[in-house]
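Participant: Fold the following and give me the result.
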Amino acid sequence: MRAGGVLIVMGALSACASPAPVGGRAIPGASEVTVEGQGFLTEVRAGSAGERLTAAGARPVAGLTVDVRRLAPPLHYSDGAAAKRAAEAACEGQGGRFDPTAAGRVSAPGLWRFAGACA
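Facilitator: Okay, the predicted model is just below:
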């Protein structure tokens, strides 16, 4: 009986915690990350496959999409490296593994998108 009570309490406590990654996979969600003193708003979410650029051409890369916006000033076309570092931090913060070979693109003013980059 005592062991059963302990398991029930442990189960109840675990229900209060945020969900853990299953099988090393990222959990979709929005977060704010700081990289090199700059604040970014990020979202890890389901999306279409991305692509990896290789010598043989573009190859599909499957995973979750990471959207990145900088708090201020807005991201520009020349901010791809900073956006990629923020995407990596966001993906890892959601329990995932970031694929640095996935291509990122500016998909709207101030928004960098890394499709398929987070698994």
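Participant: Report pLDDT for the residue nearest the centre of the chain.
Facilitator: In the chain, the C-alpha nearest the mean C-alpha coordinate belongs to Cys91, at 2.6 Å (Cα atoms, centre = their mean). Looking at Cys91, its pLDDT reads 97.
Participant: and what of Arg97?
Facilitator: For Arg97, pLDDT reads 96.
Participant: OK, contacts around it?
Facilitator: 24, 26, 91, 118-119 (Cβ atoms under 8 Å, 6 or more residues apart in numbering). For the C-beta atoms, the positions are set from N, CA and C on the backbone; glycine is no exception.
Participant: could you point out which element follows the helix or strand of the chain with the lowest mean pLDDT?
Facilitator: Across the helices and strands of the chain, the lowest-confidence element by mean pLDDT, DSSP states H and E is helix 2-16, at a mean of 39. Using DSSP states H and E, the helix or strand that follows helix 2-16 in sequence is strand 29-35.
Participant: tell me the mean pLDDT over that following strand?
Facilitator: 96.
Participant: Now do stretch 56-76, average pLDDT.
Facilitator: So the average pLDDT for stretch 56-76 ends up being 95.
Participant: Out of the contacts of Arg97, flag the one nearest to Ala83.
Facilitator: Nearest to Ala83 among the contacts of Arg97, counting by Cβ to Cβ, is Cys91 at 12.4 Å.
Participant: sec struct for the closest one, please.
Facilitator: Assigned with DSSP: H, G, I helix; E, B strand; the rest coil, Cys91 falls in the helix class.
Participant: residues contacting the closest residue to it other than its chain neighbours?
Facilitator: For Cys91, ignoring the flanking residues on the chain, the nearest one in space by Cβ to Cβ, 6 or more residues apart in numbering is Cys118 at 3.7 Å. Going by Cβ under 8 Å, 6+ apart, Cys118 touches 26, 44, 63-66, 87, 90-91, 94, 96-99.
Participant: What subset of the residues you listed is buried?
Facilitator: 26, 44, 63-66, 87, 90-91, 94, 96, 98-99 (16 or more other Cβ atoms under 10 Å).
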